[in-house]
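J.: the following block contains a protein sequence and its predicted model.
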Amino acid sequence: MDFKNRDIISINDFSKEELLHILKVVRQLEQKPKSSLLNGKILAALFFEPSTRTRLSFTSAMEQLSGKVIGFSNANTTSIQKGESLWDTIKMAEQYSDAIVIRHPLEGSARLAAEAASIPVINGGDGSNQHPTQTMLDLYTIQKTKGKLDGLHIGFVGDLKYGRTVHSLVIALAHFNPTFYFIAPDDLQIPESYLDELFQKRVKYHKTSDLGRFSRELDVLYVTRIQKERFPDPLEYEKFKGIYRVDEAFLQGVKKELKIMHPLPRIDEIDKSVDSTSHAAYFGQAANGIPVRKALLALVLGKIK
Ligand code: CP
C-alpha cells in the first residue's frame, strides 16, 4: 500500500484495509521509533481556528522525527488580513514546505486546499465536517484499550450535530460491525445523512436523550463538548450547556471494562473524579496523537509504505 503524496481530507476516502494498514504502521513506529525519518522535511501548520492537541501533536511528531514546522496559529497575523484568498495562501505554503496541515472553520476548506496544493494536505478539522486524523487516533485508542475494533457497543454523547470528531469516527467504525448509541437532545442529534449511511451499511444503532438508558450495554463511551462556537444563536447554546455529566454516580451503572473517551477539550461533561478511574481513556487518547501523526506524516511523505 502506498500513501505517498496522498491527501488526508475525509475518513470516507479510506477503506477498511487502508485504516488497518495505518494502525499497523502506528504500532510499528511506537515499538521502533525512527528518530531521523523526516530529516529535511518541513510541515506547514496553518491553523485558522484554536487548537491545543492537534497543532502541538503534529509539531511534536514532526520534530521527534527530525522534521521542521512552519506556519501560524492566528490567521490575523497573515496576509489573509490584507484580503489574500485561502487558495493563494495555500499556493504560497506549498512553496515553503513538503506537506500542509490545515484547520479552518469552513466545511470543505481542507478539500479546497488539497485542490490548490500539489503537496499532501492533511485536514486538521474543517468546521463541523471532518477531523480524520483525530479519528485515526480514536481508532488506535479503541484498539489499544479494548484489544479489538470489531463488534463493540459504542455510545456517543453530547453535541452529535456539530461534532466533527463524531462524524468521522462513526463512518470509520461502521467497517467493524459496531452497535451505536447516539445520546443527545433532539436538536443536537447526529445528522440524518449519517443515519442514512449507517442504515445502508446495515449498522445497528439506537437514539436516546437519556445518558443512563443504555449505560450497561456500553464498551466505549465517546463524550463530546457542547461546542459554543458552532451555535448560530448563543441562546441555543445556553439551553444545552451542562446537559450531560459523566461522574462517579454514572459509573455505578456501567461495565467494569467501559472505556470513556473524549477528543478534548472538556468543559464540565466529565467530572475530574473520573480521571483517576480505570474507565478514563481520554488522556492516553490525546497522547496517541503523537504516534498516529508520526505515522501519517511518514506515510504521506513517502518514508514508509
Ligand atoms: N481534539 C482536538 O482536535 O483538540 P484541539 O482542538 O485542541 O486540537
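T.: Noted; the coordinates are in hand.
J.: going by C-alpha atoms from here, please, whenever you check contacts or count neighbours.
T.: Noted.
J.: count the residues that sit near the residue lying closest to Ser118 once chain neighbours are set aside.
T.: By the measure of Cα to Cα, 6 or more residues apart in numbering, the closest residue to Ser118 outside its immediate chain neighbours is Glu94, 7.4 Å from it. Burial of Glu94 is recorded as 20 neighbouring residues (other Cα atoms under 10 Å).
J.: same deal with Ile22?
T.: Ile22, neighbours per other Cα under 10 Å, totals 21.
J.: enumerate every residue touching the one residue in the stretch 151-300 of the chain that gets nearest to the ligand.
T.: Of the stretch 151-300 of the chain, the residue with the smallest distance to the ligand, taken as Cα to the nearest ligand atom, is Pro263 at 4.2 Å. Shown in contact with Pro263 (Cα atoms under 8 Å, 6 or more residues apart in numbering): Gln134, Thr165, Val223, Thr224, Tyr282, Gln285, Ala286.
J.: by neighbour count, which of the residues you listed wins?
T.: Gln134 (28 neighbours).
J.: okay but that one is in contact with Arg164, surely?
T.: No - no contact is recorded between Gln134 and Arg164 when judged using Cα atoms under 8 Å, the distance being 9.5 Å.
J.: just to revisit the earlier point, looks like the residue nearest to Ser118 contacts Ala116 (just checking).
T.: No - under the criterion of Cα under 8 Å, Glu94 lies out of contact with Ala116, with a separation of 9.1 Å.
J.: so which bits of the stretch 51-200 of the chain are right by the ligand?
T.: Taking Cα under 6 Å from any ligand atom as the criterion, the neighbours of the ligand within the stretch 51-200 of the chain are Ser51, Thr52, Arg53, Thr54, Arg55.
J.: if we use 8 Å, what do you get?
T.: Applying Cα under 8 Å from any ligand atom, we find that the stretch 51-200 of the chain lies next to the ligand at Ser51, Thr52, Arg53, Thr54, Arg55, Leu56, Gly124, Gly125, His131, Gln134, Thr165.
J.: buried subset of these as a ChimeraX selection?
T.: Of these, the buried ones can be selected in ChimeraX as follows, counting by 16 or more other Cα atoms under 10 Å:
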select :53,54,55,124,125,131,134,165
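J.: just send the residues of the stretch 51-200 of the chain next to the ligand back as CSV, with secondary structure and pLDDT too.
T.: Listed next are those as CSV, based on DSSP: H, G, I helix; E, B strand; the rest coil; pLDDT from 0 to 100:
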residue, secondary structure, pLDDT
Ser51, coil, 97
Thr52, coil, 97
Arg53, helix, 97
Thr54, helix, 98
Arg55, helix, 98
Leu56, helix, 98
Gly124, strand, 97
Gly125, strand, 95
His131, coil, 94
Gln134, helix, 97
Thr165, helix, 93
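J.: of the residues of the stretch 51-200 of the chain next to the ligand, which pair is most distant in space?
T.: Spatial extent of those (Cα to Cα) is set by the pair Leu56 and Thr165 at 17.6 Å.
J.: contact partners of stretch 91-104?
T.: By Cα under 8 Å, 6+ apart, the surrounding residues in contact with stretch 91-104 are 41-49, 70, 110, 116-127, 301.
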